[in-house]
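>>> For reference, the sequence and a predicted model appear below.
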Amino acid sequence: MKRKNPFDLSFSLLTAAASATVLLLIAGIFIILVKESSLSIEKFGIYKFITAVDWNPVKEIFGAATSIYGTFITTFIAMLIAIPTAIGIAIFVTEAAPNFLKGPIGAAIELLAAIPSIIYGMWGLFTLAPLMSRYIEPALQKTLGDVPVINVLFQGTPMGIDILTSSLILSIMIIPFTASISRDSFNLTPAVVKESAYAMGATKWEVIKNIVLPYSKLGVFGGIALSLGRALGETMAVAFVLGNKHHITASLLDPASTITVTLANEFTEADTDLYLSSLFYLALVLFVLSFVVLAAAKFFLFRAERRHSR
Amino acid sequence: MKLQKRRKIKSFLALSLSTAAALFGLFWLIFILYDVITHGIGALNLSLFLNDPAPPGVEGGGLRNAFVGQLLITFFATLIGVPVGVLGGTFLAEYARGTKIARLISILSDIMVSVPSIVIGTFIYAILVKPTGQFSGWAGAVALAVIIIPVVLRTTENMLSLVPWTLREAAFALGAPYYKVIMQVVYRGAATGIFTGILLSMARVAGETAPLLFTSFNNAFFSTNMNQPVASLTVTIFQYAMGPYEVWHQQAWAASFVIMLFILVITITGRLIIKWRYKK
């Protein structure tokens, strides 16, 4: 065995140190956030902080429930719109579209992910919100507003600055993540299996439903979890159109607040230690939440990959 | 016969729905692009790039401070983030190839890529802004570097893995030590890919706003002092769009247009390079 070259040894150590920064960053973010929020953690505890609905900087009472609710409800509605659309798009660009359209349409949908969130936010504020308040929301109120049970979702004056508009923008932003990962997993379905089904007389939809979708299930789950992680942490796009109001409301036409919006609007204005500490606590909640979701996404994608490499 | 027909109709309906989904996606893309382009081009003028902000009501104000600030922050973020990312990727694809630790770091980097950027903003605030007692351009640059590192690290790892192992063996056979093989053979083979990864990571951070809000903050005046708050286009857009003046809104549209153009050009170029180089 040859003696190790000293330059080689130092270069390998240098690269090892560089890759270790990722570990340091993730551990660092967690430790620093815990340390900074310790004041608030001591005062409010974990369960009480997450479930308390009061967010009152003047009285120095901080509960995260309103922000967490806002994050969940906007994400949930965004996923309701985005998942079927994204899977539909993936089906279109793998199975339904003529060959010359497959590449360009897939690339165009991926461009949606390249547009920065601040532009989504500005477009939402100046263009989409007025359209929503003038046409779409009144129309929803007229049609669904009289249906019992559902009508609680559409109460109040349609202002355009509300949960519905934010969720719609969020859904547009996360469509490309699910769509492109689903497309890639659909493409991994072996052609032989599909051809066998066609030979048995299956229609295109039957092949997709019974062969392609079950085969690429894990990849699609991974894509969905990835967009979920994205939607939870999206800041600027919702900061413009959600209105930063701390309350829990059933109506989709009300303003609300998410964890990210609270942070963006209040972080530089926090004037007391407890206020700032509670904001760090919110950031910690968001970090842990999105980390878990993203780890689940990686788990699904990892399993999918393993299955195909076998 | 009737069953046959029903199956065919069902298939047709499902495929039509998928077409509708694609049109739905395209509709928003075109809507947003068209909107930003029409508003943005109308508001573009030379004073936007040459002048500093004027008080509302005074003609001829611009965003020179924000353009310069954005360039400064992005430049230093790239300077910090890219070497770390490239070297880290090298470790994963070369020295630690196939090991468990490499697997773990690349999974964690993938997670890191999607961690909410506002959380990174609060983290940098805690370690760089709070101790020094002031917002600074450096804090903004470091926050963006934290976003760049995992992106560049993962693309570098992937690109290096695409270089055939036999190429390295040929160099080893000539007696070259591993670090020379990496620098003179592997990096050369993967140069286009790594470069594209760097380009795409710059496009990614060019539109970031959330991590800059509590780090570089904003500055209404022209400043190149990285120890002070530095203006950036994205934070300025946020402030101007939420502000009450029509002139501000116009300038926010113009700035959005410039950023979007920059990002789309880089993204599309990057994608084309990768397609041309790696997919034959």
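Received the coordinates, thanks.

>>> And the spatially closest residue to residue B:53 that is not a sequence neighbour, how close does it get to chain A?
By the measure of Cβ to Cβ, 6 or more residues apart in numbering or on different chains, the closest residue to residue B:53 outside its immediate chain neighbours is residue B:61, 4.9 Å from it. For the C-beta atoms, the positions are set from N, CA and C on the backbone; glycine is no exception. Separation of residue B:61 from chain A (Cβ to the nearest Cβ, to the nearest Å): 19 Å.

>>> Residue B:61 contacts residue B:45, correct?
No: with contact defined as Cβ atoms under 8 Å, residue B:61 and residue B:45 do not form a contacting pair (10.8 Å).

>>> neighbour-wise, which of these two wins?
Higher neighbour count among residue B:61 and residue B:45: residue B:61, with 18 against 14, using other Cβ atoms under 10 Å in any protein chain shown.

>>> list the contacts for that one?
Applying Cβ atoms under 8 Å, 6 or more residues apart in numbering or on different chains to residue B:61 gives the contacts B:47, B:51-55, B:247, B:251.

>>> Chain A: which of these is nearest?
Top of the list for closeness to chain A, among the contacts of residue B:61 and by Cβ to the nearest Cβ, is residue B:251 at 11.6 Å.

>>> counting contacts, what elements does the one helix or strand the closest one maps to pack onto?
Assessed by DSSP states H and E, residue B:251 sits inside helix B:246-278. Where contact means 3 or more Cβ pairs under 8 Å, 6 or more residues apart in numbering or on different chains; DSSP states H and E, helix B:246-278 is packed against helix A:99-114, helix A:117-123, helix B:2-43, helix B:46-50, helix B:187-206, helix B:233-242.

>>> Would you mind getting the angle between it and helix B:233-242?
What separates the directions of helix B:246-278 and helix B:233-242 is an angle of 140 degrees, with axes from the mean of the first three to the mean of the last three Cα atoms, to 10 degrees.

>>> would you put the C-alpha positions of the helix or strand hosting residue A:143 in CSV?
In this structure, residue A:143 is located in helix A:137-144 according to DSSP H and E. Extracted C-alpha coordinates of helix A:137-144, given in CSV (Å, rounded to 0.1, in the frame of the first residue of the first chain):
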residue,chain,number,x,y,z
GLU,A,137,-65.9,35.2,-4.7
PRO,A,138,-69.4,36.9,-5.2
ALA,A,139,-70.2,34.1,-7.7
LEU,A,140,-69.2,31.5,-5.1
GLN,A,141,-71.3,33.2,-2.5
LYS,A,142,-74.3,33.2,-4.8
THR,A,143,-74.0,29.6,-5.7
LEU,A,144,-72.6,27.8,-2.7
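
>>> Pull out the buried residues from that helix.
Within helix A:137-144, the residues scored as buried using 16 or more other Cβ atoms under 10 Å in any protein chain shown are A:137-138, A:140-141.

>>> out of those residues, who's nearest residue B:222?
residue A:137 (42.9 Å; Cβ to Cβ).

>>> Test my guess that the closest one contacts residue A:163.
No: taking Cβ under 8 Å as the contact criterion, residue A:137 and residue A:163 are not neighbours in contact, 11.1 Å apart.

>>> what sits in contact with each of the two?
residue A:253.

>>> sorry, back to before: any chance of the backbone angles for the residue nearest to residue B:53?
Backbone torsions for residue B:61, taken as degrees, to the nearest 10, come to phi -70, psi 160.

>>> Mind giving me the packing neighbours of the helix or strand hosting residue A:239?
Here residue A:239, judged by DSSP H and E, is contained in helix A:236-241. Helices and strands touching helix A:236-241, by 3+ Cβ pairs under 8 Å, 6+ apart, are helix A:117-123, helix A:163-187, helix A:259-266, helix B:233-242.

>>> What is the subsequent helix or strand relative to the second one?
Per DSSP H and E, the first helix or strand lying C-terminal to helix A:163-187 is helix A:191-199.

>>> and that following helix, is it in reach of chain B?
No: in terms of Cβ under 8 Å from any Cβ of the partner chain, no part of helix A:191-199 sits within range of chain B; the closest distance is 11.7 Å.

>>> Need the residues that contact the helix or strand that comes right after that helix.
Proceeding N to C from helix A:191-199, the next assigned helix or strand is helix A:204-207, under DSSP H and E. Residues from elsewhere that reach helix A:204-207 (Cβ under 8 Å, 6+ apart): A:95-96, A:194, A:197-198, B:7, B:10-11, B:13-15.

>>> Put together CSV for those, with pLDDT, distance to residue B:164 and neighbour count on each row.
Written out in CSV, the entries for the contacts of helix A:204-207 read as follows (pLDDT from 0 to 100; distance: Cβ to Cβ, whole Å; neighbours: other Cβ atoms under 10 Å in any protein chain shown):
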residue, pLDDT, distance to residue B:164, neighbour count
A:95, 89, 34, 19
A:96, 89, 37, 22
A:194, 92, 32, 18
A:197, 93, 37, 18
A:198, 93, 37, 13
B:7, 92, 48, 15
B:10, 93, 48, 14
B:11, 93, 44, 18
B:13, 94, 48, 11
B:14, 94, 43, 20
B:15, 93, 41, 20
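
>>> show me what contacts residue A:228?
Residue A:228 sits next to A:75, A:79, A:174, A:293, A:297 when contact means Cβ under 8 Å, 6+ apart.

>>> hang on, the earlier thing: quick check on the contacts of residue B:61: which are buried?
A residue is treated as buried here by neighbour count (16+ other Cβ under 10 Å); on that basis the buried members of these are B:51-53, B:247, B:251.

>>> tell me which residues in the helix holding residue B:251 are buried?
So for helix B:246-278, counting by 16+ other Cβ under 10 Å, buried means B:247-260, B:262-263, B:266-267, B:270-271, B:273-274.

>>> same question, stretch B:83-103
Taking 16+ other Cβ under 10 Å as the criterion, stretch B:83-103 shows B:84-96, B:102 as buried.

>>> What about the residues you listed, which are in helices?
With helices identified by DSSP state H, the entries of the buried residues of stretch B:83-103 that belong to them are B:84-90, B:102.

>>> near chain A, which of these show up?
Taking Cβ under 8 Å from any Cβ as the test, chain A is in contact with B:84-90, B:102 out of these.

>>> Now the stretch 201-310 of chain A against chain B: closest residue?
Taking Cβ to the nearest Cβ, the stretch 201-310 of chain A has residue A:233 as its residue nearest chain B, at 2.6 Å.
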